[in-house]
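> Need the 3D shape of this:
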Amino acid sequence: MRLAQIDLDRTRITAPMDGVVGVSGAREGQYVRAGSQLVSVVPVSKLYVVANFKETQLAKFRPGQLVNVTVDTFPGKELRGHVERLSPATGSEFSLLPPDNATGNFTKVAQRVGVRIALEQNGELDELLRPGMSVVATVHTDQSIETTASLIKWLIGPLAAKLRLRRQAAGAEKPCPPLRPFRVLPNRAPQAYPTCLL
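Prediction:
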């Protein structure tokens, strides 16, 4: 009885990941050998894009930059994501037969570098995406510290103004003088301006 229970337990096979069955190589009632492939499971969670950009386009690429992705299957719709990481080498370094330039006929060609793009949650499109689809990725390299600072100022500006008015009404601080532009000259200390706390 114990051996029958062990045999029954071994008839249940668990996939190593969540996904959808792509190709099935076994049928119900068929005998299989240990180590044989039964089905191909296609993962559908945590999809990502590997975009092969030219090496001349990577100077301003940084992890975390915003990426817009358009899928050929869904024209007119955009997916959002961000740069996760850049490949440590060009695609030719990982190819099965790397180019051999021992003949001396060297032609300079811009190499391709894989950029992994993590997709964010995009609603109903997430369920329709399938591995292997063709996409076009646009990386926004214009994001900078100034852009981030402007966004933070836009977000907390109204709150800071209210706090400043309350402190002035309570007599906690004097009104701030208007900001004036200044420049630092070589070998001279910058002119000091009074600062105000928020």
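> show me where this structure has strands.
Counting by DSSP state E, one finds strands in the chain at the ranges 20-24, 39-42, 48-54, 66-71, 78-90, 112-119, 135-139.
> can you tell me which of these comes nearest to Leu96?
Within the strands of the chain, the stretch nearest Leu96 is strand 78-90; the backing value is 14.4 Å (CB to CB). In short, each C-beta sits where N, CA and C put it, glycine included.
> buried stuff in the closest one?
Leu79, Gly81, His82, Val83, Glu84, Ser87, Thr90 (16 or more other CB atoms under 10 Å).
> Make a markdown table from the strands of the chain and add mean pLDDT and distance to Val32 to it.
Listed next are those as a markdown table, based on pLDDT from 0 to 100; distance: least, CB to CB, whole Å:
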| stretch | mean pLDDT | distance to Val32 |
| --- | --- | --- |
| strand 20-24 | 79 | 12 |
| strand 39-42 | 80 | 11 |
| strand 48-54 | 88 | 32 |
| strand 66-71 | 90 | 37 |
| strand 78-90 | 87 | 38 |
| strand 112-119 | 89 | 35 |
| strand 135-139 | 90 | 37 |
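> residues near the residue nearest to Val21 when sequence neighbours are not counted, how many?
Nearest residue to Val21, sequence neighbours excluded (CB to CB, 6 or more residues apart in numbering): Val39, at 5.0 Å. Neighbours of Val39 under the rule other CB atoms under 10 Å: 14.
> what's across from Val39 in the sheet?
Counting by DSSP bridges, Val39 forms beta bridges with Ser24.
> Use 10 as the first number for this chain going forward.
That works, and once the first residue is 10, the last one we named lands at Val48.
> Pretty sure it sits against Ala35.
Yes: if you go by CB atoms under 8 Å, Val48 and Ala35 touch, sitting 7.0 Å apart.
> pLDDT below threshold where in the protein?
Applying pLDDT under 70 to the chain flags the ranges 106-115, 152-164, 166, 180-207.
> tell me which of the buried residues of strand 87-99 is nearest to Val58?
Gly90 (6.8 Å).
> Dihedrals phi and psi, Thr150?
Dihedral pair for Thr150: phi -90, psi 0, per degrees, to the nearest 10.
> Now for it: which residues touch it?
Taking CB atoms under 8 Å, 6 or more residues apart in numbering, we find Thr150 in contact with Lys69, Phe70, Arg71, Gln74.
> ok, it to Gln74 distance?
Per CB to CB, to the nearest Å, Thr150 is found 6 Å from Gln74.
> for Val124, same thing?
For Val124, the distance to Gln74 - CB to CB - is 10 Å.
> got any residues that touch both of those two?
With contacts defined as CB under 8 Å, 6+ apart, the residues shared by Val124 and Gln74 are Val92, Val148.
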